[in-house]
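Novice: here are the coordinates; sequence isn't available:
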């Protein structure tokens, strides 16, 4: 793993207020934690399957969630209550800006893996809120997500804050996050929480009437691979995901690995309507029961971000069609971030679409001694071919910078607004 300096010097200071401090202060003031997953060295992370336990059912996979709420109904109730508490802190004008109709098509065009300066997000920018309002907004996320998912999400946010503070990126929107609600937060009817920024785009639909929660579609990204937070702790946001990915890869026979890596990794970016073709690679029908469970554990990093019950429900639906699901992989075959350019994989089936792609470039967000490309610059997209947005609205095709970008970190068509390169790469058009 690339060595990270403990006192990196910023190469360029910006004449704007620091956003690194506001998020840490808000999380601490609200009793929340921004720590991220604890980092392991490349040596201990390599061949991770040796230390990974296997499950025998989707219920076992779901049990890894550590949120206080263990049922779908409790998560919906807690999140609706937190949302109402947040709304109570807002002015009438702010409430109008953060609330949308449940079936408003804005929800399909306001999430992206591009910076917020390129694709306008819905709702309120947290940097425009008071500390009390920021704390209340983040409490919505804490109520919605399992402890593990919340830790990953805040570590992703911390990575963007780190780049804003220390990298030479010209992207001023690093560290900005937006929150919006589609439909009135309620225990008895459907509503969606949309939260995101540069490397994050959560679309969580909670339906009390149907007792369901879905996170399709969602974008989780990471840059850099590892960073040091304000307290001197080393944070590695995607360590858990990498560990699960290699636990699955290492469980395969040589013949299965050859089939897996011979397939074509696909991409279906935000703003892409997609046909969700399964493509080529290793099918679920070729896996043992143990290997299927390891694959489900990997998928759970996106599909199972809330409580145990909702995770088990979603994974059971995916498991039912796992034999018809295709997995493809490219890149490194060992979890060792000191070598190579990272990994890319896709999982495509009737009930799940997942694309994980290393970005070949830092997109200008460089910090000396820190991995901000390949292993350290990843975009992922999770979607449900049968149930994006819980069926409330159809994904709209992107225009301009709304969708994916060209391979290697460029914008669609190869151009950049205002003549500046984007501060990030994007999943290529699928």
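Specialist: Arrived safely. In this text the structure is predicted, and so the values were computed from the model without any measurement.

Novice: Contact partners for residue 365?
Specialist: 163, 167, 168, 169, 171, 174, 223, 224, 372, 377, 423, 424 (Cβ atoms under 8 Å, 6 or more residues apart in numbering). To be clear about C-beta, it is placed using only N, CA and C from the backbone, and glycine gets the same treatment.

Novice: Can I get the buried ones among those as something I can paste into ChimeraX?
Specialist: In ChimeraX syntax, the buried subset of the contacts of residue 365 is picked out as below (16 or more other Cβ atoms under 10 Å):
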select :163,167,169,171,174,223,224,372,377,423,424
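
Novice: Please convert the contacts of residue 365 to a markdown table, extending it with distance to residue 83.
Specialist: A markdown table is the format used below for the contacts of residue 365 (distance: Cβ to Cβ, whole Å):
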| residue | distance to residue 83 |
| --- | --- |
| 163 | 29 |
| 167 | 33 |
| 168 | 38 |
| 169 | 32 |
| 171 | 29 |
| 174 | 26 |
| 223 | 29 |
| 224 | 32 |
| 372 | 34 |
| 377 | 32 |
| 423 | 30 |
| 424 | 29 |
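
Novice: Inside helices: which ones of the contacts of residue 365?
Specialist: residue 163 (DSSP state H).

Novice: which one of the contacts of residue 365 is nearest residue 327?
Specialist: residue 377 (22.3 Å; Cβ to Cβ).

Novice: Next one: that closest one relative to residue 332, how far apart?
Specialist: Per Cβ to Cβ, to the nearest Å, residue 377 is found 14 Å from residue 332.

Novice: how about the spatially most central residue of the chain, secondary structure?
Specialist: Geometric centre of the chain, nearest residue: residue 220, 1.6 Å, by Cα atoms, centre = their mean. Using DSSP: H, G, I helix; E, B strand; the rest coil, the structure places residue 220 in strand.

Novice: The nearest residue to it once chain neighbours are set aside: what secondary structure?
Specialist: Nearest residue to residue 220, sequence neighbours excluded (Cβ to Cβ, 6 or more residues apart in numbering): residue 380, at 4.9 Å. Under three-state DSSP, the three-state class of residue 380 is strand.

Novice: and the host helix or strand of residue 248, how far from the chain's centre?
Specialist: Assigned by DSSP states H and E, residue 248 falls within helix 239-251. On the basis of Cα atoms, centre = their mean, to the nearest Å, helix 239-251 sits 17 Å off its chain's mean C-alpha point.

Novice: What mean pLDDT does it get?
Specialist: The average of the pLDDT scores along helix 239-251 is 98.

Novice: Tell me where the model's unsure across this protein.
Specialist: Low-confidence segments of the chain, defined by pLDDT under 70: 1-67, 399-430.

Novice: quick one: the helices in it?
Specialist: Under DSSP H, the chain gives helices at 20-29, 42-45, 58-62, 72-87, 92-98, 106-109, 131-144, 147-166, 239-251, 254-262, 289-303, 308-320.

Novice: could those helices be laid out in JSON lines, adding distance to residue 203?
Specialist: Formatted as JSON lines, the helices of the chain follow (distance: least, Cβ to Cβ, whole Å):
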{"stretch": "helix 20-29", "distance to residue 203": "21"}
{"stretch": "helix 42-45", "distance to residue 203": "30"}
{"stretch": "helix 58-62", "distance to residue 203": "20"}
{"stretch": "helix 72-87", "distance to residue 203": "14"}
{"stretch": "helix 92-98", "distance to residue 203": "15"}
{"stretch": "helix 106-109", "distance to residue 203": "7"}
{"stretch": "helix 131-144", "distance to residue 203": "11"}
{"stretch": "helix 147-166", "distance to residue 203": "13"}
{"stretch": "helix 239-251", "distance to residue 203": "19"}
{"stretch": "helix 254-262", "distance to residue 203": "29"}
{"stretch": "helix 289-303", "distance to residue 203": "11"}
{"stretch": "helix 308-320", "distance to residue 203": "14"}
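
Novice: related to what we said a few turns ago, what's the angle between the helix holding residue 248 and strand 218-222?
Specialist: 90 degrees (axes from the mean of the first three to the mean of the last three Cα atoms, to 10 degrees).

Novice: if we can go back for a sec, pull the number of nearby residues for the residue nearest to residue 220.
Specialist: Counted with other Cβ atoms under 10 Å, residues neighbouring residue 380 total 23.

Novice: repeat for residue 103
Specialist: Residue 103: 12 neighbours (other Cβ under 10 Å).

Novice: Just confirm it contacts residue 392, I think it does.
Specialist: Yes. In this structure, residue 103 is within contact of residue 392 by Cβ atoms under 8 Å, at 5.4 Å.

Novice: what is in contact with those two at once?
Specialist: What both residue 103 and residue 392 touch, as defined by Cβ under 8 Å, 6+ apart, is the set residue 182.

Novice: returning to that earlier point: what packs against the helix holding residue 248?
Specialist: Judged by 3 or more Cβ pairs under 8 Å, 6 or more residues apart in numbering; DSSP states H and E, the packing partners of helix 239-251 are helix 42-45, helix 147-166, helix 289-303.

Novice: rerun at 7 Å
Specialist: helix 42-45, helix 289-303 (3 or more Cβ pairs under 7 Å, 6 or more residues apart in numbering; DSSP states H and E).

Novice: So for residue 182, which of the helices of the chain sits nearest?
Specialist: Closest among these, using Cβ to Cβ: helix 106-109, at 5.0 Å.

Novice: Do a quick rundown of the strands in the stretch 301-430 of the chain.
Specialist: For the stretch 301-430 of the chain, the strands defined by DSSP state E, counting those that start in this stretch cover 326-331, 343-349, 352-359, 374-383.
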